[in-house]
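Visitor: task: produce atomic coordinates for the following.
(chains A and B)
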Amino acid sequence: MDVELLEIRQHMGQHPPFDRLSDSLLDEIASRVEVSYFKTGSDILTLNDTVSDLCYIRSGAVEVYRRQGDLYNRLGEGDIFGHFSLLRNQKVRFPAKAIEDTLLYFIPKAVFQQLCEEDEDFADFVEVERPRLETAAEQQKKSNDMMVTRIRKLVVRYPVMVEASTTVQQAAQQVSQAQASAVLVLKEGSSNPRYSFKDSEGQTWQVCGILTDSDFRTRVVAEGLSPQTPVGEVVSSRLITVQSDVSIYEAMLTMLRNNVHHLPVLYRQRPMGVVHLSDIIRYETHSGLYLVSNIFHQSSIEGLARLAPDVSASFVRMVQEGANSHMVGSALSTIGRSFSRRLLELAEEKLGPPPVAYCFMVNGSMARNEQSIVTDQDNALILSDDFIPEEHDEYFKALAGFVSDGLDACGYTYCKGDVMATNSQWRQPLRVWKSYFTDWINNPTPERLLHSSIFFDLDSLYGEDLFVEALQDLIAEKAPQSPLFLAAMARNALNRTPPLGFFRTFVMEKDGKHNNSINLKRRGTAPMVDLIRVHALACGSKAQNTFQRLDDIANTQLLATGMSDKLSYAFEFMCMSRIRHQVIDLQEERVPDNNIEPENVADSERHNLKDAFQVLSNAQKFLKFRYPVPSNRAGR
Amino acid sequence: MTFIRPRRKITQADWAMYMQKRAPLAQDPAIRRFFETPPPSLETPIAEVPMVALDMETTGLDERRHAIVSIGLVPFTLGRIKLAERRYWVVKPPRPLNEASVTFHHITHSEIANAPDLEAIIDPLLEALAGRIVVVHFRHIERPFLDAAIKARRGEGVMFPMIDTMSLEARLHRQKLWARFRRWLGRPPVSIRLDASRRRYGLPSYQGHHALIDAMATAELLQAQIATHYEPSTPLGALWT
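Guide: You can find the predicted model right below:
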């Protein structure tokens, strides 16, 4: 490598897409760049000029504009521009101007084309948004944290330990009592220094072996030995142990390599516990399930509330293990549903059986199975049409109050919009609910729907499922036939727009203003959910989950081919960014929120988020065009 | 800079005549070709002038006692600096290196030991410079060293006009009223060294003392100086010396 080009390649090598290029390609680019200086305020690319290079900002800052003069992007050190026109062999479509004294590296077209051909990552980066987001969404599946989590995390209690002179019967009894499946056999002395340790009374012991459930069968019963045989005589001299600080992964390998299912875990020479293969499997796959089963074992609100910290812990774990947003969202929803369900069971225990059938309906993110760690409760009660308010409402009011208070105690705060079963408007028999939905769909205005759109994500949580299904059917049947309703929903879906992207430590708005942080829910995931809901309603989909809705939409002609994939990747990426920042908040012991601060956003994430915002922004434009206010009503 | 020998001064208008006069007298074909390809006239707008940024590392500051160890150059115009056309040579000085200057240059002994004598690169060097305006930062190194080195090897030297980014900076910061006022106040003069000058234009800091990097840095500096204090239409005559 020419040392004189080090300056250039080192700089480029820190910024995407160049950071992923092979050294030889990087050298090739560095040796062929052309350099030029632009004073503040001077034009770099003028509309309809011929583009012959990819532009790379070595220092300074540049603004890129749309044809009409709107700001399209503001770029800083290490950013590139010009690739859009270059790829399409076009004249400049987005003029660019230096807003600070700027030094540019021009990468000649021939080099650019060579890069696109030789490096797939590079081609993905400069091509349209989808492939980049797709790659990014896939790469988010980070390597499993079994590699880094230490085995001691799985040790929950001291091992059962007996002296070698204990009879096998006594040992078996102790194992049974402790509900364990293995026992460590000790003897006095320190003939084997590797396994000898001092107990709290100063006596020296050494571990001479382990006796597992299956050993009792194969070594004792099958051999016809007496229950009075001392364990010391049957214990195997082969002892496989691990130190408490090895990774779970390493411990698992040790088990597999030695074909053992029990692994004594030692801290130095002292036994800390015994890990069974099933502990590892459970850790790897089912952590959320244990929390759920724990929820159903609680018999009071206080007990449930004590599990709240486990929810964040399990959330952090899941993300670290590389779960995607769909998995995280549905796991958190399952946990949230379990809390609600258990609270309903407890309420029924307290209040007695319900006087008429009911369905506890959930709305919003829980209905979509997209719950996040920052969430409130949205619920309602659909009662049987036999419901007589004077006789029955007292019961359901108390039931709703119990559940709502309980959820609040468990960290699911009260809904600010009062979408809760405690609100009598949302505690009604099925026929009233049907009239609500019919009215919303037949006589829509954006203002009315603003507050009721949350009910268009609906799912049954407990009780008579058929009630919610009846409403879902009603919506799926009526909504596609109601252009005015779709137009009103579409208009509401455009209320919240994404920002343009990032510039240094700021969030860039479309009007060029800067902000210090961005609420990724309000500016990203929520408008995306709103937008997809409109398409889903239009195609009569009964799915509630955004990804499932997209699948339904993809089966229709509503969107251009490939568009639903694009939306899906963009949504996934925004969700994961939000989730990752919430994990950072939790790890730094802050209250998690939906905000992300640009200084915490890595370069590659910025580019991907910007792409995702762009996908959302374009999709919003299409939505407006696809669901216009019907002309016969437009004049009203 | 008292150690620099006063030399015959050639005024701007004389350059074309000087080159013209030297061409038929030149014995060496490479030197003759060089003088037969004169740089643009002094009225040419700077935007149309083909230039070449040149920098060299030497074992010291006196061309009579010290020698060239490396030469870097990069052709450019006001619009573009073309790295693909860059040239860089390490050459073996006729006198042995002393330790101190070696560390200064980041060039190792073995690199120099394996390098050719400057003689081997005179032809390609003159070819790269011919027809272009040479741009340097501090002309009192490049011009006399090159002249002396070529004279020693081919019996005749070369002189040519240059744009010196350091003297352009000096015009701005050392000769203006404001600069005299600062001096009168006892303030240190504004630094016109390459890196300090570049910083004033928002140009990034490069790791110095490599002939090619410094040549590149000089080319960028000239682009910035002209973008800031002159016009693309400024005649060459207003800038060269």
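
Visitor: which residue sits closest to the most centrally placed residue in chain B, ignoring its sequence neighbours?
Guide: Closest to where the C-alpha atoms of chain B average out (Cα atoms, centre = their mean) is B:Val136, at 2.9 Å. Leaving out its chain neighbours, the residue that sits closest to B:Val136 by Cβ to Cβ, 6 or more residues apart in numbering or on different chains is B:Glu142, at 4.6 Å. Placement of C-beta: from N, CA and C, glycine included.

Visitor: and for the one you found, the neighbour number?
Guide: When neighbours are counted by other Cβ atoms under 10 Å in any protein chain shown, B:Glu142 registers 22.

Visitor: wait, it touches B:Leu129, no?
Guide: No: distance between B:Glu142 and B:Leu129: 10.5 Å, which falls outside the contact criterion (Cβ atoms under 8 Å).

Visitor: residues of the longest helix along chain B that come out buried?
Guide: Among all segments of chain B classified by DSSP state H, the helix with the greatest residue count is helix B:211-229. By neighbour count with 16 or more other Cβ atoms under 10 Å in any protein chain shown, helix B:211-229 contains the buried residues B:211-227.

Visitor: how about A:Tyr37, secondary structure?
Guide: strand (DSSP: H, G, I helix; E, B strand; the rest coil).

Visitor: thought it was touching B:Gln223?
Guide: Yes: contact status for A:Tyr37 versus B:Gln223: in contact at 3.9 Å, counting by Cβ under 8 Å.

Visitor: chain B: strands as residue ranges?
Guide: B:51-58, B:68-76, B:81-82, B:87-90, B:133-136, B:162-164 (DSSP state E).

Visitor: quick one: list the elements packing against the first one.
Guide: What it means is strand B:51-58. Counting contacts by 3 or more Cβ pairs under 8 Å, 6 or more residues apart in numbering or on different chains; DSSP states H and E, strand B:51-58 packs against strand B:68-76, helix B:122-129, strand B:133-136, helix B:139-154, helix B:211-229.

Visitor: and the fourth one with helix B:122-129, angle?
Guide: Relative orientation of helix B:139-154 with respect to helix B:122-129: 140 degrees, computed using axes from the mean of the first three to the mean of the last three Cα atoms, to 10 degrees.

Visitor: avg pLDDT for helix B:139-154?
Guide: With pLDDT averaged residue by residue, helix B:139-154 scores 89.

Visitor: quick check: residues of chain A near chain B?
Guide: If contacts are counted using Cβ under 8 Å from any Cβ of the partner chain, the residues of chain A sitting beside chain B are A:2-8, A:11, A:30-39, A:42, A:58-60, A:100-103, A:106.

Visitor: rerun that using 7 Å as the cut-off
Guide: When proximity is defined as Cβ under 7 Å from any Cβ of the partner chain, chain A approaches chain B at A:3-4, A:7, A:31-37, A:39, A:42, A:58-60, A:100-101, A:103, A:106.

Visitor: make a PyMOL selection of the buried ones in those residues.
Guide: Applied in PyMOL, the following selects the buried portion of those according to 16+ other Cβ under 10 Å:
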select buried, chain A and resi 4+7+31+32+33+34+35+36+37+39+58+59+60+100+101+103+106
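
Visitor: so which strand or helix has A:Asp473?
Guide: Assignment of secondary structure by DSSP states H and E places A:Asp473 within helix A:465-478.

Visitor: right, and the helix or strand after that helix?
Guide: Where DSSP H and E defines the elements, the next helix or strand beyond helix A:465-478 is helix A:483-493.

Visitor: other SSEs contacting that next one?
Guide: Taking 3 or more Cβ pairs under 7 Å, 6 or more residues apart in numbering or on different chains; DSSP states H and E as contact, the helices and strands that helix A:483-493 lies on are helix A:446-452, helix A:526-538, helix A:603-626.

Visitor: could you redo the last one with a cut-off of 10 Å?
Guide: helix A:430-442, helix A:446-452, helix A:526-538, helix A:603-626, helix A:631-634 (3 or more Cβ pairs under 10 Å, 6 or more residues apart in numbering or on different chains; DSSP states H and E).

Visitor: and the shortest one, what's its mean pLDDT?
Guide: Going back to what we said before, that points to helix A:631-634. Averaging pLDDT residue by residue across helix A:631-634 gives 56.

Visitor: and what of stretch A:301-314?
Guide: Taken as a whole, stretch A:301-314 has a mean pLDDT of 86.

Visitor: can you give me the end-to-end span of it?
Guide: Length of stretch A:301-314, first residue to last, Cα to Cα, to the nearest Å: 20 Å.

Visitor: likewise stretch A:592-608?
Guide: Taking Cα to Cα, the span from the opening residue of stretch A:592-608 to its closing residue is 22 Å.

Visitor: can you check stretch A:236-248 too?
Guide: End-to-end distance for stretch A:236-248: 25 Å, by Cα to Cα.

Visitor: mean confidence for that stretch?
Guide: 83.

Visitor: in TSV: the strands of chain B, plus mean pLDDT.
Guide: Below are the strands of chain B laid out as TSV (pLDDT from 0 to 100):
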stretch	mean pLDDT
strand B:51-58	93
strand B:68-76	93
strand B:81-82	93
strand B:87-90	92
strand B:133-136	94
strand B:162-164	92
